[in-house]
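Trainee: Show me the folded form of this:
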Amino acid sequence: MKTRFIPLLLAVTTTAALVACSDDTSGTTAGTSGSSGAASGADSASGADSASFPVTFTSPFGTTTVESRPQRVVALGWSDQAVATELGADVVMAPQTYSSIGGGGSGAAGGDGQDGTAQDRMLPYLHPDTEPVWFNPMSIDVEAVAGQKPDIILATSAFTIDQDTYDKLSAVAPVVTYDRQLYAASPEDSALRIGEALGEPEKAGELVDRAHRAVEELTAALPGLKDRSYVYGQYRGTSIAAVTDSDNATARFMSTLGLVPAPEVAGIDAKGRTPGTVDLSMENIDLVDSADLLFMTFQSDDDRRSFEDSATVKRLTVMEDCYTALDKETATALQDPNVVSVPWLIEQLRPALEKVGH
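Mentor: Next up, the predicted model:
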């Protein structure tokens, strides 16, 4: 299994990373109240005065208890960082952006991001008052995390955490990860789980509502999106890895906009190396022309040029007006949409969506 991050298809230590199911049961038990935590977070967010502590979370790695409202927060995943920051938490350590590690643009090679500005490393839709200590999310340095003296470690979207790392981090502070598997929870459930952990269930509910409004406003403005088809893929030289699984986190988000994976591509008998995808051979690239929209991401600018300069690709009708090459941060946000990123993500996709949505 590859360990290099790919914005479209995150290669992680679990083979089920992209097989996302929407029926998450967030596995929390709040203090003395006996409430069910983030699984019933909508009720908590709409009516509770404050979260009850201690609150206990279950995960594939074990059980952890947050005894009191955390003050210092380490976020190990981008969604953890986004939601915690928007909830007003003091995020003292966070992952730098993928583009600050691997270069900007649609896939340009780059350094480790240490020469960039704070805004280079900050998620483009976040604007906190203070800058956290940054770390490279490709690996987790337990000693560096411990050095920040956190009260809680959020890892609901940490794609490099494993049992050994979880055990070591648990000796530092309570570690709140995903309930069942990476990317299996909906953005709403993930936000409510984080809100429960930070003692801000009502604010988390407000973030969920804001994301819902952004989607509703877009679909109202672009009713023609309903049942339009798309291909979202990453070029890999001889093939395209295309998202097709309706339970995939990316596909679930696209479905909220009314879009469906192009059936001609989704139906091919070529299961991808990454769960939830198919490997579409460049020999069969004509199938992409069945889609109303084509979104592509690339590991390098050379890959993008190779794809766009291909004679067979140039012949595709979809390339004339309905093709969009996503930059790395948009691709990263689309990989695992969170309730904070959704309004921003919609605006990044909007120029393409408007081509078929009116």
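
Trainee: Only C-alpha atoms from now on, for both contacts and neighbour counts.
Mentor: Fine.

Trainee: Would you mind measuring the gap between the ends of stretch 238-255?
Mentor: 28 Å (Cα to Cα, to the nearest Å).

Trainee: How far away from the center of its chain is it?
Mentor: Counting by Cα atoms, centre = their mean, to the nearest Å, stretch 238-255 is centred 13 Å from the centre of its parent chain.

Trainee: Return the set of buried residues in that stretch.
Mentor: Residues 239-255 are the ones in stretch 238-255 that count as buried (16 or more other Cα atoms under 10 Å).

Trainee: from those residues, which ones fall inside strands?
Mentor: Ser239, Ile240, Ala241, Ala242, Val243 (DSSP state E).

Trainee: Who is the second one paired with across the strands?
Mentor: Partner residues in beta bridges with Ile240, using DSSP bridges, are Tyr235, Leu280.

Trainee: Strands along this structure, start to end?
Mentor: Using DSSP E, strands in the chain cover 28-30, 55-59, 62-66, 72-75, 90-95, 133-135, 152-155, 175-177, 229-235, 239-243, 260-261, 277-281, 293-297, 323-325.

Trainee: by contact count, what packs against the shortest one?
Mentor: When you say that, I think you mean strand 260-261. strand 229-235, helix 249-256 (3 or more Cα pairs under 8 Å, 6 or more residues apart in numbering; DSSP states H and E).

Trainee: Same check on the fifth one?
Mentor: Contact here means 3+ Cα pairs under 8 Å, 6+ apart; on that basis strand 90-95 packs against strand 72-75, helix 78-86, strand 133-135.

Trainee: Same list (these) but as JSON lines, adding distance to Leu334, mean neighbour count and mean pLDDT.
Mentor: Below are these laid out as JSON lines (distance: least, Cα to Cα, whole Å; neighbours: other Cα atoms under 10 Å; pLDDT from 0 to 100):
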{"stretch": "strand 72-75", "distance to Leu334": "19", "mean neighbour count": "26", "mean pLDDT": "98"}
{"stretch": "helix 78-86", "distance to Leu334": "11", "mean neighbour count": "25", "mean pLDDT": "98"}
{"stretch": "strand 133-135", "distance to Leu334": "22", "mean neighbour count": "18", "mean pLDDT": "97"}
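
Trainee: is it possible to export these to JSON lines including distance to Tyr178?
Mentor: Converted to JSON lines, the helices and strands packed on strand 90-95 look like this (distance: least, Cα to Cα, whole Å):
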{"stretch": "strand 72-75", "distance to Tyr178": "13"}
{"stretch": "helix 78-86", "distance to Tyr178": "10"}
{"stretch": "strand 133-135", "distance to Tyr178": "20"}
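
Trainee: So for Ala270, which of those sits nearest?
Mentor: Closest to Ala270 of the helices and strands packed on strand 90-95 is helix 78-86 (Cα to Cα; 31.1 Å).

Trainee: What lies in contact with the closest one?
Mentor: For helix 78-86, contacts defined as Cα atoms under 8 Å, 6 or more residues apart in numbering pick out 75, 90-91, 94-95, 97, 123, 126, 128, 154-158, 191, 194-195, 198, 204, 336-341.

Trainee: now that helix against strand 90-95, angle please.
Mentor: 160 degrees (axes from the mean of the first three to the mean of the last three Cα atoms, to 10 degrees).
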